[in-house]
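Peer 1: This is a predicted model, with the sequence first.
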Amino acid sequence: MTSAAPTALIAEDEPLLAAALRAGLARAWPALRIVATVGDGAAAVQAALAQRPEVLFFDIRMPGQGGLEAAADLADAWEPAGPGVPPFPALVFVTAYDQYAVQAFEAQAVDYLLKPVQPDRLQRTVERLQDLLARRALSTAPAALEDATLSQLRQLLATAAPPPVPAAPVLLQSLQVGVGNGIRMVPV
């Protein structure tokens, strides 16, 4: 349920970036109340369960548990929507890594912001969030929407591959050398 002052939680391990996001949100959405700012995924899950915010801003990569894993854990711990239980929060992932965008949207993210967050891009995200919260307030079947979101988050957790392990360094075997209009391979 959307209150007069919507609430949000920021999970960002870089204090300066968290402060910049908070300041940008204050300009773009003055009515939004930030209920907590945490620095890792486990703390984000705990704070979200305690505060029950309507919006989550999660960094993808954080110490310990990343944003995608935290969102999946939160989905498992969130009580189903019912009388007095707010629906699962709207997710926005904020990260410097664009390669996680598909996974983020599979997790039903409302948006995916790349760092450094640009004010006009943040404003578009705020408009999407405001629209979603307004639709949720008017919805007659929020439980069905939430069940679908939680189901997709659980599926993402079940199918998410662990982060790739860096490969062992490959020793240089040959060099490509330009000779006239051609290229020759010269052994090292």
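Peer 2: Cool, got the structure.

Peer 1: In stretch 109-126, which residues are buried?
Peer 2: Neighbour counts over stretch 109-126 (16 or more other C-beta atoms under 10 Å) mark A109, V110, D111, Y112, L113, V117, L122, T125, V126 as buried. All C-beta atoms are positioned from the backbone trio N, CA, C, and that covers glycine.

Peer 1: Equivalent analysis for stretch 40-52, please.
Peer 2: With burial defined by 16+ other C-beta under 10 Å, the residues of stretch 40-52 counted as buried are D40, G41, A42, A43, A44, V45, Q46, A47, A48, R52.

Peer 1: Restrict that stretch to CA atoms and write it as PDB.
Peer 2: Taking only C-alpha atoms (Å, rounded to 0.1, in the frame of the first residue of the first chain), the coordinates of stretch 40-52 have been written out as PDB:
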ATOM      1  CA  ASP A  40      25.800  -4.900   1.700                       C
ATOM      2  CA  GLY A  41      23.200  -7.300   0.500                       C
ATOM      3  CA  ALA A  42      22.600  -9.100   3.900                       C
ATOM      4  CA  ALA A  43      22.000  -5.800   5.600                       C
ATOM      5  CA  ALA A  44      19.700  -4.800   2.800                       C
ATOM      6  CA  VAL A  45      17.600  -7.900   3.300                       C
ATOM      7  CA  GLN A  46      17.400  -7.300   7.100                       C
ATOM      8  CA  ALA A  47      16.600  -3.600   6.800                       C
ATOM      9  CA  ALA A  48      14.000  -4.200   4.100                       C
ATOM     10  CA  LEU A  49      12.200  -6.800   6.200                       C
ATOM     11  CA  ALA A  50      12.300  -4.400   9.200                       C
ATOM     12  CA  GLN A  51      11.300  -1.200   7.400                       C
ATOM     13  CA  ARG A  52       9.100  -2.600   4.600                       C
END
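
Peer 1: how far away is R61 from F93?
Peer 2: Shown here: R61 relative to F93, a distance of 10 Å by C-beta to C-beta, to the nearest Å.

Peer 1: okay, and the common contacts of these two?
Peer 2: When contacts are counted by C-beta atoms under 8 Å, 6 or more residues apart in numbering, R61 and F93 have G67 as shared neighbours.

Peer 1: what about D120, is that helix, strand or coil?
Peer 2: Taking DSSP: H, G, I helix; E, B strand; the rest coil as the rule, one finds D120 in the helix state.

Peer 1: Quick check, pLDDT for it.
Peer 2: The predicted local confidence for D120 comes out at a pLDDT of 94.

Peer 1: quick one on the thing from earlier: give me the subset of the buried residues of stretch 40-52 lying in helices.
Peer 2: G41, A42, A43, A44, V45, Q46, A47, A48 (DSSP state H).
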